[in-house]
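Engineer: sequence isn't available, so here's the structure alone:
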């Protein structure tokens, strides 16, 4: 019965989990009142669900805000962390969307606006969304109250800026997303299962389109291993001409860069050489240099050090002994050599009885009253007294 009491709670949590992000959107925005979810937003979320799951998709909330003949359709996506939300934002963003001032990462076009807000992505559709930004800012403020901030990926910093088409960079965390954004269908072979993360961008090289892919791996060994696997399955650097269109690759430490669609190998190599590896080796940085002293300085130093140690031992010994003598003279039998705590082990090597008065004035039975054990030899008698 005790186990069964947890069953209703588990069922309740199971049904509540997909809807925990509900309630993020406000009931009204600047006179625009919510009236249920929007069908276009729901259809859009369904077609992209497989891609969004690779970014750590958790849930979504849809809402429509009609106002006269106009209507604002809003979809807010929640992800498990800001990195996944950033990747989904880069995937949903289109090249024709200009940069907006809603958040640090936000874009806007004539009928759509996107904004990255912590671990949320706000997607707004409206025929006149660019004419009035007040509803957008109110939506951003409402979602920001529930958002969780965190570090964002910086892999885009390795992309060359020359000849790159603006707003075509995409952060990728799974094979299905990569197959949609990069030709060659290499998503399953890139190595996302071993912790790889990727970034793609579109370039115009000598009037021809080309795609650049940068993948970062946890270790250089994994990057080299994945490059070898790609060379076996695909036509990478001419390794397998029968495998399809050529791909040009270059590895730099943990980064693996690939180019598809380049006009020729020379243009591909120029683009690959422009990829920033993020590691710089210099020879002009200050370093620690150990200078060994001369032999005469080492000998003199050893003599001086030994003398200091001997002097310290002499002073410590005299101090301890002098202090003990002074205390014994000033307070005899009170601090040192107290008779009640003195124990003496003595071998009776002669026939003379042991007299306890011979030791620190300790009074005991007179010698003549001490009984001598006649049965023990004189030179092996062992007496212990207190």
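Structural biologist: Thanks, I have the structure now. Just so you know, these numbers come straight off a predicted model, no measurement behind them.

Engineer: burial count for residue 292?
Structural biologist: When neighbours are counted by other C-beta atoms under 10 Å, residue 292 registers 7. Where C-beta positions appear, they are placed from N, C-alpha and C, glycine not excepted.

Engineer: mind starting the numbering at 670 from now?
Structural biologist: Done: numbering now begins at 670, and the last item shifts to residue 961.

Engineer: ok so it is a strand residue?
Structural biologist: No: read with DSSP: H, G, I helix; E, B strand; the rest coil, residue 961 is coil and lies in no strand.

Engineer: which residues touch it?
Structural biologist: Counting by C-beta atoms under 8 Å, 6 or more residues apart in numbering, residue 961 makes contact with nothing.

Engineer: for it, report the pLDDT, please.
Structural biologist: Reported pLDDT at residue 961 in the predicted model: 72.

Engineer: distance check, it against residue 967.
Structural biologist: Residue 961 is 9 Å from residue 967, where distance means C-beta to C-beta, to the nearest Å.

Engineer: go on, residue 780?
Structural biologist: For residue 780, the distance to residue 967 (C-beta to C-beta) stands at 82 Å.

Engineer: residue 941 too?
Structural biologist: Taking C-beta to C-beta as the measure, residue 941 falls 55 Å from residue 967.

Engineer: between these two, which one's more packed in?
Structural biologist: When residue 941 and residue 967 are compared for neighbours, residue 941 comes out ahead with 20 against 11, by other C-beta under 10 Å.

Engineer: what's the nearest residue to the more buried one if we skip its chain neighbours?
Structural biologist: Nearest non-adjacent residue to residue 941, counting by C-beta to C-beta, 6 or more residues apart in numbering: residue 919, 4.2 Å away.

Engineer: contacts for whichever strand or helix holds residue 868?
Structural biologist: If you go by DSSP states H and E, residue 868 is part of strand 866-874. Residues outside strand 866-874 that contact it (C-beta under 8 Å, 6+ apart) are 764, 822, 824-825, 827-829, 832-834, 837-842, 847, 850-851, 859, 861, 878-885, 931-932, 936, 940.

Engineer: can you list contacts of stretch 884-893?
Structural biologist: Stretch 884-893 is contacted by residues 824, 859-860, 863-867, 895, 920, 922-927 when judged by C-beta under 8 Å, 6+ apart.

Engineer: and those, which of them are in strands?
Structural biologist: Counting by DSSP state E, the contacts of stretch 884-893 place 866-867, 920, 924-927 in strands.

Engineer: what is the most widely separated pair among those?
Structural biologist: Among these, the pair separated by the greatest distance (C-beta to C-beta) is 866 and 920, at 15.5 Å.

Engineer: give me the buried positions along stretch 844-853.
Structural biologist: Within stretch 844-853, the residues that count as buried by 16 or more other C-beta atoms under 10 Å are 844, 846-848, 850-851, 853.

Engineer: and those, which of them are in helices?
Structural biologist: Per DSSP state H, helices hold the following members of those: 844, 846-848, 850.

Engineer: now do the helices in the protein.
Structural biologist: Ranges of helices in the chain, per DSSP H, are 675-685, 708-716, 718-723, 751-761, 803-813, 844-850, 889-902, 934-942, 964-999.

Engineer: now the first one: average pLDDT?
Structural biologist: Averaging pLDDT along helix 675-685 gives 40.

Engineer: do you know how far residue 853 is from residue 732?
Structural biologist: Taken as C-beta to C-beta, the span from residue 853 to residue 732 is 39 Å.

Engineer: re earlier: can you turn the buried part of the contacts of strand 866-874 into a PyMOL selection?
Structural biologist: The command below creates a PyMOL selection of those among those that count as buried (16+ other C-beta under 10 Å):
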select buried, resi 822+824+825+827+828+829+832+833+837+838+839+840+841+842+847+850+851+859+861+879+880+881+882+883+884+885+931+936+940
